[in-house]
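S.K.: Sequence first, then the predicted structure, then my questions.
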Amino acid sequence: MKPRATPHPGDAFVARVTSPAAGLWRGCHRRTVPCAKARGGPIDDTEAGSQCFGPPRLRACSADNERSVRLSPQGRSMHTPVLTVEERQNIETGSWFSKLSLPLRQAILARSGVRRLADGAPLASRGMPAEEWCGVALGAVRVSSVSLSGKQVTLTYVEPGTWFGDIALFDGLPRTHDADAHGATTLLTVRKADFKELLAQHVELYDALLRLNCRRLRLMFDQFEDLNTRPLRSRLARQLLLLAKSYGVAEGEQVRIGLALAQEDLAQLLGASRQRVNQELKGFERDGALRVEPTRLVIVSRDQLLAAARG
């Protein structure tokens, strides 16, 4: 039977399955149950903040007045997270996730919950046990460490479409770094038990994660090489191009980097002082390659930055 959309008052539109065999819901039926708030009663723990992810044919919805329940063939109900169109697209087009087989992608999404974090909200702390595998659907996750002097140092930003947190789930050791939301951030989270179940049921995931970690290792060695062999101007140009690729918003022939970064943050990514990075940014601005705004950087000439990155 084909479920039909029946929006509650105040909802723009509600996620529904367009056919019984659509995407993630193959072989399952789905029904929508008004939440306690819509019924006029108290909101229980399973309803508060419940948001879910749906397959490509589902549309994003407001979870304020409704919650969705998936009924598996065994009759077990599961909350089904819903992402916005932009969040869903970021996950589906991620360079690693998009190469997985359809059954594996569906299995991962079926076990994923949605977590929305405000700017600066903590996600993980160094030394804490690992409980989740995460994918960034929107925003960024700042991965950092504390220096001997007690200063928080940014190591990298995890961009939309990227999955992380699997290493500690494999080796069982504590988290190695701190992680917090940089800007408003949306995550897909897979619990440790569900992650182990995915590995047991999909051998393909082992190979996919092995390739993912090989890529991480190669990138790490590239960064070490750049740090020791390339001048700061070249490394800065390369970092700006990478940020534009991940967070760029086209404005005609120019590209605005959507990630808000202070010069200190940029300096930490490059292993340099803020003063030296400031000098190089001003140099790019004088050359007409970059425009420095109070909270954003705008790439004016990508070709000039490419030439500097090769140098």
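M.R.: Sure, I can see it.

S.K.: Might you list the low-confidence residue ranges for the stretch 1-150 of the chain?
M.R.: 1-81 (pLDDT under 70).

S.K.: center of this structure - which residue?
M.R.: residue 136 (1.1 Å; Cα atoms, centre = their mean).

S.K.: what's the host helix or strand of that residue packed up against?
M.R.: In this structure, residue 136 sits in strand 132-138 according to DSSP states H and E. Contact partners of strand 132-138 among helices and strands, from 3 or more Cβ pairs under 8 Å, 6 or more residues apart in numbering; DSSP states H and E: helix 85-92, strand 163-164, strand 185-191, helix 192-201. Where C-beta positions appear, they are placed from N, C-alpha and C, glycine not excepted.

S.K.: again, only this time at 6 Å
M.R.: Packing partners of strand 132-138 (3 or more Cβ pairs under 6 Å, 6 or more residues apart in numbering; DSSP states H and E): helix 85-92, strand 185-191.

S.K.: From residue 289, how far off is the residue nearest to the centre of the chain?
M.R.: 29 Å (Cβ to Cβ, to the nearest Å).

S.K.: neighbours of the residue nearest to residue 146 when sequence neighbours are not counted, just the number please.
M.R.: Of all residues not flanking residue 146 in the chain, residue 152 sits nearest, at 5.8 Å (Cβ to Cβ, 6 or more residues apart in numbering). When neighbours are counted by other Cβ atoms under 10 Å, residue 152 registers 12.

S.K.: Kindly report the same for the one 10 residues further on.
M.R.: Residue 162 is flanked by 20 other residues according to other Cβ under 10 Å.

S.K.: which other residues reach the strand holding residue 136?
M.R.: 83, 87, 90-91, 158, 160, 162-166, 169, 186-190, 195 (Cβ atoms under 6 Å, 6 or more residues apart in numbering).

S.K.: Can you name the next helix or strand after it?
M.R.: Using DSSP H and E, the first helix or strand after strand 132-138 is strand 141-146.

S.K.: mind listing what's buried in the helix or strand that that next one is followed by?
M.R.: Later in the chain than strand 141-146, the nearest helix or strand by DSSP H and E is strand 152-158. If you call a residue buried by 16 or more other Cβ atoms under 10 Å, then strand 152-158 has these buried ones: 153-154, 156-158.

S.K.: tell me the angle of the helix or strand residue 105 falls within relative to helix 85-92?
M.R.: Residue 105 belongs to helix 102-110 when elements are defined using DSSP H and E. Between the axes of helix 102-110 and helix 85-92, defined by axes from the mean of the first three to the mean of the last three Cα atoms, to 10 degrees, the angle is 130 degrees.
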